[in-house]
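Enquirer: my questions are about this predicted structure, shown below with the sequence.
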Amino acid sequence: MSSVRSFVPSDAPGVAAVQVRNYRHDYAPLCPPGFWDGVGVEEQTGDWMTWLTDHPADVLLVARDGREVVGYVLARVHPFHGADAEVLALHVRPESRGHGHGAALLRAAVEALRGRGARSVGLGTLEGNPVRAWYAALGGQEVAVVEQDADGWPLREVVFVWPDTDALLDALR
């Protein structure tokens, strides 16, 4: 069973490990060869240690299974493709998927964003990411495709928006 709570600095190594693992597992096939090679757990741990000091208005939550961080979500209230808020990152380590951690994280983040006044939310994911099917099943509307250049490699990010956070929360139940 997933336990979701607010991030504390001692979670930084676990969050960094999930982040780096997912970049190398999920994103590497969608990016130029070697694109994520320079991203390491130690560097990312340092970034996460100071994240909330540097970004105090952000929502940063972790999912734990026992004493282990198995996922995290990062979100903030700011305009994003017509939505009031954005989920910037939602990651669950591959071996922990299918146990409700992602849904629990997204639900808690949306509830926190609603508490800060957001009535709509959006997020972007790489076009080839299979999680797109889940976002669509939750009622996310594809509103844009953003093209970026990654070292000469075209990346396409699909933007999903839920115009009503209540509907998204209902879908997550």
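Expert: On my side now, so go ahead.

Enquirer: can you confirm residue 145 is in a strand?
Expert: Yes: under DSSP: H, G, I helix; E, B strand; the rest coil, residue 145 falls within a strand.

Enquirer: give me every residue that touches it.
Expert: By C-beta atoms under 8 Å, 6 or more residues apart in numbering, the contact list for residue 145 reads 127, 156-159. C-beta coordinates here come from the backbone N, C-alpha and C atoms, glycine included.

Enquirer: in the protein, mark out all the strands, start to finish.
Expert: For the chain, applying DSSP state E gives strands covering 3-6, 59-65, 68-80, 83-92, 121-126, 141-150, 153-162.

Enquirer: show me what the longest one is packed against.
Expert: Secondary-structure packing of strand 68-80 (3 or more C-beta pairs under 8 Å, 6 or more residues apart in numbering; DSSP states H and E): helix 12-22, strand 59-65, strand 83-92, helix 101-115, strand 121-126.

Enquirer: for the ones you listed, give me TSV that also has distance to residue 33.
Expert: As requested, these are exported to TSV (distance: least, C-beta to C-beta, whole Å):
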stretch	distance to residue 33
helix 12-22	17
strand 59-65	31
strand 83-92	22
helix 101-115	28
strand 121-126	16
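
Enquirer: tell me which of the strands of the chain approaches residue 16 most closely.
Expert: Closest of these to residue 16 is strand 68-80, at 9.2 Å (criterion: C-beta to C-beta).

Enquirer: start to end distance for stretch 28-38?
Expert: The first and final residues of stretch 28-38 sit 12 Å from each other (C-alpha to C-alpha, to the nearest Å).
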